[in-house]
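Asks: could you look at this predicted model? Sequence included:
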Amino acid sequence: MRTLPLLLAAASLVIAPATPARAVTTIDLFEWAVNIDGGFSSPLFGDPIPAGVNVAGFDTTTGLGSISVAVSGAGAHFVGLFVDHDIDKAINTFFNEFGSATGAPVAGESWEIDEPGFVFGDIFTNLQGNSLDNTNGVPAGSEDDVSMALGWDYILAAGETSAISFLVSETMPASGFYLTQTDPDSAASIYFSSTLTIRGTGGAVIPEPGTLALYGMGLGIAGLWGVRRRRMVRL
């Protein structure tokens with residue numbers, strides 16, 4: 001008879017312990033900062049959010065979502081955003097992560113991945129100086145505390161306006177240039193991308209090749225807002 005084996009098999013299914021589910025990824029934003037034409041602001045550390053910066057779509061706890069920056073005025077401009085995220089910090093610390101860059105930046109777009117400057121990284125200083133260096137200081141194999149920054153150098157003609165969108169998401173972009181921060185222990189990543197739109201008189205979109213320009217020696221539009229306060233040391 002097969003009745004007893006079937007009953008024993010059914011009982012084993014009932015009492016067998018369930019496989020533990022993977023912990024939900026926790027993403028925390030430690031700091032974000034924006035530079036608009038040399039005016040630098042770090043809102044989570046008490047600085048005001050600059051005029052023209054819209055954070056309605058940005059979660060300042062997780063650091064996920066979008067930040068938009070509107071800039072007008074004829075001449076050269078620089079807009080850059082710095083973000084310092086921690087992935088599953090409570091489980092496996094914040095200094096076990098690495099970064100990567102995918103695709104090629106378009107004309108006028110700059111970027112940097114580095115340790116955020118609490119020990120040796122220069123990304124924070126470079127963003128303040130309009131001079132992101134297009135390098136990855138924390139590649140796979142050199143895991144550390146990761147921060148990322150994206151920036152735009154461009155020129156507006158009289159009557160033109162610009163809109164820059166920065167997006168941090170857990171969804172990988174389908175195309176274009178983007179930065180990635182990965183926690184190898186959690187197998188979790190976040191993605192940082194940006195777009196620039198320039199509009200002429202009447203709102204017509206201006207094609208990028210006719211308006212964007214790289215500046216080899218930097219813009220030098222405006223000096224920094226005084227001496228930066230000493231940055232908080234993480235324990």
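Replies: Alright, I've got the coordinates. Source: prediction; values computed, not measured. Numbers count the residues shown, from 1 in each chain.
Asks: what comes up buried for stretch 26-37?
Replies: I27, L29, F30, E31, W32, A33, V34, N35, I36, D37 (16 or more other C-beta atoms under 10 Å). In short, each C-beta sits where N, CA and C put it, glycine included.
Asks: ah, wrong one, I meant stretch 157-168
Replies: Residues E160, T161, S162, A163, I164, F166, L167, V168 are the ones in stretch 157-168 that count as buried (16+ other C-beta under 10 Å).
Asks: and stretch 148-164, how far out from the chain's middle?
Replies: The chain centroid and the centroid of stretch 148-164 are separated by 18 Å under C-alpha atoms, centre = their mean, to the nearest Å.
Asks: scratch that, stretch 85-100
Replies: Centroid separation for stretch 85-100 versus its chain: 14 Å, with C-alpha atoms, centre = their mean.
Asks: one more: stretch 54-72?
Replies: On C-alpha atoms, centre = their mean, the centre of stretch 54-72 falls 11 Å from the chain's centre.
Asks: stretch 189-209 too?
Replies: Distance, stretch centre to chain centre, for stretch 189-209: 17 Å (C-alpha atoms, centre = their mean).
Asks: do me a favour and average the pLDDT over it.
Replies: This predicted structure assigns stretch 189-209 an average pLDDT of 85.
Asks: and if you look at stretch 85-96?
Replies: Mean pLDDT, taken over the full extent of stretch 85-96, equals 95.
Asks: and it, end to end?
Replies: Stretch 85-96 has an end-to-end distance of 12 Å (C-alpha to C-alpha, to the nearest Å).
Asks: what does that stretch rub up against?
Replies: 23, 25-30, 63, 97, 143-148, 168, 181-186, 188-190, 234 (C-beta atoms under 8 Å, 6 or more residues apart in numbering).
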